[in-house]
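Engineer: my questions are about this predicted structure, shown below with the sequence.
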Amino acid sequence: MFTRQQAERLLDESISMRSELDEIEHKSDFSNSFQHALCAMSNRRDRNGGIVFLGITRDFGISGVADLEGAQKQSSDMASDLFNVPLRVAPEVLTREGKAVLAVIVPACPAGHRPCHFKRHGILQGAWIRVGNTSRKMTAEEVRREIAADEVARGTVPPFDMMPYLASDVNDLEDPLVAAYVERVAKIRPGSRIQSLSHIDVLRSVKAIAELNGKLYPTPAGLLFFCRETQRHLPQSSVEFMHLWGPELTSLGPDGSRWRLNREFFGTLPHIINEVEAAILERVATRGIVDSFRRRDEPEYPAAALREVLVNAVAHRDYTMRGSRVQIRLYPDRLEVHTPGGLPAPVTVDNIEDEQATRNEAIVSLLQDYGYMERRGYGLNAIMASMREAGLAPPLMTDTGASFNITLKSHVLMSPETLHWLRRFEGLELNPQERLALAYLRVNERLYNRDYARLNDCSSVEATQALRRMVDKRVAIMQGTRGGAYYVLPDRLPGPVQLELRLTDAQDARILELGRAEGRIVTGLVMERLGLKRRQAHRALARLVKRGELEAHGERRGRYYTMPQ
């Protein structure tokens, strides 16, 4: 649950950015939308609740709350009476511009009662959820999955991958596959007693079988690893790979078809992973890299990133969703992986690098034994790192609730063409991180705070500060308010600034000439001799110090500059 200090910070941040945030919403009165916001915040996927601010107008002005005592009572009464479970909100009074703003801090809906919903509408029609920067009614599928996740969290039912699958028989699990698994585990864990166990005990230990009414049945995890005809029982476990001709799903090739290849892969999960990985690597283009006077060809996407997105998809998908399968689409400029089922709570697109949750514990454990996964929570960080090292943009991720989608783009950010394009920004004193962000915007429509943070491997706070500097320099424009803030390139980019560069070079030359003549110079002398304003003189001197053409001595008012020895 959020604290008062967090509420203070988030209020200032949203007003400064003129945008609502994922965890906060602004309201000017107690309308129906205020009630919807209470419900939606309690159902946020990261299980941290949220904050609803009263006394903020739609254009982010401070209207204030006149009757504070009445507002606190009304918000508490609504939260306690309207929903299937009382929400114990914590109203906090904040002051802005001499006016009172009420921060209604909403806790997460308690386990055993999710999703929070309006009593008068029922669970299917009365549950609301916060998705990104908007609140909306939950779909029937989202409600179903929320109920199932709640039951698993409370321990009333096991996860789906560990439940007995009654439409199958334990004899569907094949001894040779179990024996191969035992042999592998004995090699990677020499001290293991696994070879002394019977196959039934091995299957029981890895949750590949489960007992019901005295009879053993395979679990979905068991079928996925130890049954060669997995799709006879779990048809949704196949993986579809499409190699498209054009940049859109509807683009047609020379023969009038939409794809160069459209293939579905069947079998156990290890078999599918190996086959799909080979098919992707065979189809992706290669690019030549010159290193130490030698040329080598590498896939246009790092092989490590390709494997991780594939393994994560089959490991974390929602196997209860029949009729849907993992789908991989290879376009000329990108690779998309569509995974059935949204991210498991409390993971969201924004906190995915920090939070951990496992929808399929038995499947993940077996994938680790087979060497496809390392420690939990490392996969996405590995994708980020390998894309960054290859000079590519971080993956784009979206979570619709029904599916999680990840896109790898093949554009090398700092290509020769991009470096030439960036010359138009010379003279604006952009640092390498800001240049990289501009390169990203050249091939992507929008840049979000999280994109900048992943691109430059920095914190969200550092990203916010950097993006504000880019707006101040007029190389980026912030867009979006209530729908979420993002950044785009301005309609009119600055042209080449050769004249400005020539003027700057001449200015620097005069300062250096002054330094040689005087031996020791200060900011005031530069202002007087060159007719500069104080800020211009400071920037010029700092530029020369950074280039090593001047040396700085002393602090603040006592600072002076000399030529290097």
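Structural biologist: Nice, I can see it.

Engineer: would you map out the domains in this protein?
Structural biologist: 4-154, 161-233, 238-362+370-409, 416-488, 498-562 (automatic domain parsing).

Engineer: the third one - what's its average pLDDT?
Structural biologist: By that I understand domain 238-362+370-409. For domain 238-362+370-409, mean pLDDT rounds to 88.

Engineer: for residue 474, grab the count of nearby residues.
Structural biologist: Counted with other Cβ atoms under 10 Å, the neighbours of residue 474 add up to 12. To be clear about C-beta, it is placed using only N, CA and C from the backbone, and glycine gets the same treatment.

Engineer: what does residue 169 give?
Structural biologist: Residue 169: 13 neighbours (other Cβ under 10 Å).

Engineer: for it, what are its contacts?
Structural biologist: 217, 218 (Cβ atoms under 8 Å, 6 or more residues apart in numbering).

Engineer: can you give me the pLDDT of it?
Structural biologist: 94.

Engineer: gap between the two ends of stretch 149-160?
Structural biologist: One end of stretch 149-160 to the other measures 10 Å (Cα to Cα, to the nearest Å).

Engineer: if you could redo that for stretch 522-536, that was the one I meant.
Structural biologist: 13 Å.

Engineer: equivalent analysis for stretch 390-405, please.
Structural biologist: Span of stretch 390-405 from end to end, Cα to Cα: 21 Å.

Engineer: now do it: distance to the chain's middle.
Structural biologist: 7 Å (Cα atoms, centre = their mean, to the nearest Å).

Engineer: and that stretch, what's buried?
Structural biologist: Within stretch 390-405, the residues that qualify as buried are 390, 392, 393, 394, 395, 396, 397, 399, 401, 403, 404, 405, counting by 16 or more other Cβ atoms under 10 Å.

Engineer: what is the most widely separated pair among the residues you listed?
Structural biologist: 390 and 401 (31.1 Å; Cβ to Cβ).

Engineer: hmm, who's touching the helix or strand harbouring residue 278?
Structural biologist: Residue 278 belongs to helix 269-283 when assigned by DSSP states H and E. With contact meaning Cβ under 8 Å, 6+ apart, helix 269-283 is reached by 224-225, 228, 230, 237-239, 241, 243, 260-261, 263, 265-267, 299, 303, 306-307, 310-311, 314, 328, 330, 335, 363, 366-367, 370, 372.

Engineer: for ChimeraX, what selects the buried ones among the residues you listed?
Structural biologist: To isolate the buried members of the contacts of helix 269-283 in ChimeraX, using 16+ other Cβ under 10 Å:
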select :224,225,230,237,239,241,243,265,266,267,299,306,307,310,311,314,328,330,335,363,366,367,370,372
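
Engineer: so the closest residue to residue 137 other than its chain neighbours: helix, strand or coil?
Structural biologist: Leaving out its chain neighbours, the residue that sits closest to residue 137 by Cβ to Cβ, 6 or more residues apart in numbering is residue 128, at 5.6 Å. Secondary structure of residue 128, reduced to three states by DSSP: H, G, I helix; E, B strand; the rest coil: strand.

Engineer: and the pLDDT for residue 128?
Structural biologist: On the pLDDT scale, residue 128 gets 96.

Engineer: which parts of stretch 73-87 are buried?
Structural biologist: 74, 75, 76, 78, 79, 82, 83, 84, 85, 87.

Engineer: now that stretch: average pLDDT?
Structural biologist: On average, stretch 73-87 scores 96.

Engineer: need the contact list for the residue nearest the centre of the chain.
Structural biologist: Averaging the C-alpha coordinates of the chain gives a centre point, and the residue nearest to it by Cα atoms, centre = their mean is residue 349 (3.7 Å). Contacts for residue 349 (Cβ under 8 Å, 6+ apart) come out as 343, 397, 398, 399, 450.

Engineer: of those residues, closest to residue 354?
Structural biologist: Looking across the contacts of residue 349 and measuring by Cβ to Cβ, the closest to residue 354 is residue 450, at 11.6 Å.

Engineer: tell me which element that closest one is part of?
Structural biologist: helix 449-456.

Engineer: what angle separates the helix or strand just after that helix from helix 449-456?
Structural biologist: Using DSSP H and E, the helix or strand that follows helix 449-456 towards the C-terminus is helix 460-472. Relative orientation of helix 460-472 and helix 449-456, computed by axes from the mean of the first three to the mean of the last three Cα atoms, to 10 degrees: 100 degrees.

Engineer: sorry, back to before: export the buried residues of stretch 390-405 to a markdown table and append columns for distance to residue 432 and secondary structure.
Structural biologist: Putting these into a markdown table (distance: Cβ to Cβ, whole Å; DSSP: H, G, I helix; E, B strand; the rest coil) gives the following:
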| residue | distance to residue 432 | secondary structure |
| --- | --- | --- |
| 390 | 17 | coil |
| 392 | 16 | strand |
| 393 | 15 | coil |
| 394 | 16 | coil |
| 395 | 21 | coil |
| 396 | 22 | strand |
| 397 | 25 | strand |
| 399 | 31 | strand |
| 401 | 37 | coil |
| 403 | 36 | strand |
| 404 | 32 | strand |
| 405 | 30 | strand |
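
Engineer: closest to residue 107 out of those residues?
Structural biologist: So of these, ranked by how close each gets to residue 107 (Cβ to Cβ), first place is residue 401, at 21.7 Å.

Engineer: in a strand, residue 60, correct?
Structural biologist: No: applying three-state DSSP, one finds residue 60 to be coil, outside a strand.

Engineer: for it, give me its contacts.
Structural biologist: Residue 60 neighbours (Cβ under 8 Å, 6+ apart): 14, 15, 18, 26, 481.

Engineer: run the last query once more with 7 Å
Structural biologist: Applying Cβ atoms under 7 Å, 6 or more residues apart in numbering, we find residue 60 in contact with 15, 18.

Engineer: dump the helix holding residue 450 to CSV, restricted to CA.
Structural biologist: Provided in CSV are the C-alpha atoms of helix 449-456 (Å, rounded to 0.1, in the frame of the first residue of the first chain):
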residue,chain,number,x,y,z
ASN,A,449,10.0,6.6,-20.0
ARG,A,450,10.5,2.9,-19.7
ASP,A,451,12.0,2.7,-23.2
TYR,A,452,14.6,5.3,-22.4
ALA,A,453,15.4,3.5,-19.1
ARG,A,454,15.9,0.2,-20.9
LEU,A,455,17.8,1.8,-23.8
ASN,A,456,20.3,3.4,-21.5
